[in-house]
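Enquirer: Predicted model follows, preceded by the sequence.
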Amino acid sequence: MLNEIKRLIMKTKIIFFLSLFLIFVFACSPDMKENRSGESYISMTGDGAWCWFADPRAVYYERQHKRTYIGWVNREGDIMAAYYDHNNKEIETSTLKKDLQYDDHANPAILMQHDGHLVVFYSAHGGKKMFYRIAKNPEDISVWGDEKELGTNTEGDRGYTYPNPFQLSNEDNVIYIFWRGGNFKPNYSKSKDGINWSPAKTLIKGSGARPYIKFESDGIEKIHFGFTDGHPRREERNNIYYACYHNGALYKADGTKIKDMNEVPIEPSEADKVYDASISGARAWIWDIAVDNSGNPVIVYTALPEETDHRYRYAKWNGSEWKDVEITSAGGGWFPQTQIGERERETYYSGGIILDHVNPSIVYLSKKISGIFEIEKWITSDGGNTWISEKITFGSKKNNVRPFVSRGHKFNDAFLFWMYGDYIHYTKYFTEIKMK
């Protein structure tokens, strides 16, 4: 009898501790802890959107505080900035300009200067002016200086779109600002004091109507960029190219000099051709560019065999050549919710793919699953040969698109943002900015 009681007690203990272990595993499982519906994540804002060509959209900065700063445009056309404080978990929001334009192309781009002062650039979609404001105090968004204007552009009636600002410490903290200008081409200007700007110059010419371009900078001496011939709707053979600015000149990935900056613009054919659409027959569109720890550039983009077949690709310079691989299908075609009886205007709008700029072997992408776009994390440890994936959202009620990883983060798991909600067109969206 005593032995039976002892066995019963032992069995009870085993069941108890096994239950605790299973509860622990269940609670810590990535599928249960991280993978959940889009609506269950915290919203940075309940009303916000962005395009993917004005960057950075979010940056991390740590000195007196540990904060991630982010910008967006809302449905009123207001230009917004905010921060998330990683110590006290507070969110503070600031309105930089009211009623600029209800258009996701108007989203602001953030420059965190090396002294901790934020500069935020913004314009309407093809706006007549490029505006910017500088925060009065470091690591603070509550008080801003007066609104300023860039005041220089190339000839043409296309105005200003897509600001991309950078500051290079090895050039006495000169600020470079890139944008799509009056001539529908990528242009740039620079300033030593953030007030007086050099005359606008065109960076890329080309035969395409409007090259699309993405940038990355080390903040010290280099600015990398990947670009297309034009818009995939207009260019049947839309290629992907790469070049790098360094010390007053442009270079290919292997270090071959293209030309000095006083000789720009360049033709796409003078840069590296990363993806040749004439070989595959599928036009492409650039999504992001970053640089690994060895200084090698990495590009993610979409290949578009059909309007209903979008594919995410990963191209990396391995020191001697570009290695280009497919990561995964996007699960179908475009993500805008085409209205009944209407023909979709933006058939090449993919859900989106972005690199973790701290570790570009990690990508986040939006993939259509069971009729809804969900966010996934994909990781490679061998330069793109093999991949493992993890669901960030699943079973969502509405679409999760256009992910963005905060630049300069210092976390094992990147601070991730994305748009969640209904999206009809870039002038008709009902989206939140979610965060993980």
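Expert: Looks like it arrived, so ask away.

Enquirer: Just say helix, strand or coil for Asn170.
Expert: Assigned by DSSP: H, G, I helix; E, B strand; the rest coil, the conformation of Asn170 is helix.

Enquirer: Give me the distance between it and Glu342.
Expert: Counting by Cβ to Cβ, to the nearest Å, the gap from Asn170 to Glu342 is 51 Å. For every residue, glycine as well, the C-beta is placed using N, CA and C.

Enquirer: again with Val119
Expert: Remark: distance between Val119 and Glu342 (Cβ to Cβ) = 40 Å.

Enquirer: which one of Asn170 and Glu342 has more residues nearby?
Expert: In this comparison of Asn170 against Glu342, neighbours counted by other Cβ atoms under 10 Å, the higher total goes to Asn170 at 13 against 9.

Enquirer: From Gly219, how far out is that one?
Expert: Distance from Asn170 to Gly219, counting by Cβ to Cβ: 9 Å.

Enquirer: Quick one: the strands in the stretch 1-150 of the chain, in order.
Expert: Under the criterion DSSP state E, counting those that start in this stretch, the stretch 1-150 of the chain contains strands at 42-45, 58-62, 66-73, 79-85, 91-97, 109-112, 118-123, 130-134, 148-149.

Enquirer: Figure out which of those strands is closest to Lys201.
Expert: Among these, the nearest to Lys201 by Cβ to Cβ is strand 130-134 (14.8 Å).

Enquirer: Show me where this protein has its helices.
Expert: Taking DSSP state H as the criterion, the chain contains helices spanning 2-28, 30-33, 277-280.

Enquirer: Pull the contacting residues for the closest residue to Leu111 other than its chain neighbours.
Expert: Spatially, and ignoring its direct neighbours in sequence, Leu111 is nearest to Pro165 (3.9 Å; Cβ to Cβ, 6 or more residues apart in numbering). With contact taken as Cβ atoms under 8 Å, 6 or more residues apart in numbering, Pro165 is in contact with 109-111, 119, 121, 175-178.

Enquirer: Just give me the closest of those to Ser406.
Expert: Each of the contacts of Pro165 was scored against Ser406 by Cβ to Cβ, and Ile110 proved nearest at 10.0 Å.

Enquirer: isn't the closest one right next to His117, touching?
Expert: No. Between Ile110 and His117 there is no contact under Cβ atoms under 8 Å: 11.4 Å.

Enquirer: Compare neighbour counts for the two and give me the winner.
Expert: Neighbours were tallied for Ile110 and for His117 using other Cβ under 10 Å; the higher tally belongs to Ile110 (24 against 17).

Enquirer: Dig out what the more buried one forms beta bridges with.
Expert: Val120 (DSSP bridges).

Enquirer: can you tell me how far Trp197 sits from Val143?
Expert: 24 Å.

Enquirer: Those two: which is more packed in?
Expert: A count of neighbours by other Cβ under 10 Å puts Trp197 above the other of Trp197 and Val143, at 19 against 9.

Enquirer: okay but that one is in contact with Gly151, surely?
Expert: Yes. Using Cβ under 8 Å, Trp197 makes contact with Gly151 at a distance of 6.2 Å.

Enquirer: What ranges in the chain fall below the confidence cut-off?
Expert: By pLDDT under 70, the low-scoring segments of the chain are 1-35, 412-413.

Enquirer: domain parsing for it?
Expert: Following automatic domain parsing, the chain resolves into domains at 1-33, 34-435.

Enquirer: looking at those domains, which is buried most?
Expert: Greatest average neighbour count among the domains of the chain goes to domain 34-435 (a mean of 19), per mean count of other Cβ atoms under 10 Å.

Enquirer: mind checking how far it is from the chain centre?
Expert: Centre-to-centre, domain 34-435 and its host chain are 4 Å apart (Cα atoms, centre = their mean, to the nearest Å).

Enquirer: any idea how far Met112 is from the closest residue to Lys129 other than its chain neighbours?
Expert: Leaving aside its chain neighbours, Lys129 sits nearest to Glu149 (5.2 Å; criterion: Cβ to Cβ, 6+ apart). To Met112, Glu149 is 21 Å away according to Cβ to Cβ.

Enquirer: next one: Lys368
Expert: Counting by Cβ to Cβ, the gap from Lys368 to Met112 is 34 Å.

Enquirer: One more: Trp317?
Expert: The gap separating Trp317 from Met112 is 27 Å, by Cβ to Cβ.

Enquirer: Same question for Tyr251.
Expert: For Tyr251, the distance to Met112 (Cβ to Cβ) stands at 26 Å.

Enquirer: again, but for Thr68
Expert: Thr68 sits 10 Å away from Met112, taking Cβ to Cβ as the criterion.

Enquirer: Also Leu365?
Expert: Relative to Met112, and taking Cβ to Cβ, Leu365 is found at 26 Å.

Enquirer: Quickly note the distance from Arg233 to Ile299.
Expert: Going from Arg233 to Ile299 by Cβ to Cβ gives 21 Å.

Enquirer: can you check Asp99 too?
Expert: Between Asp99 and Ile299 the distance is 36 Å, computed by Cβ to Cβ.

Enquirer: Ok, Thr154 next?
Expert: 26 Å.
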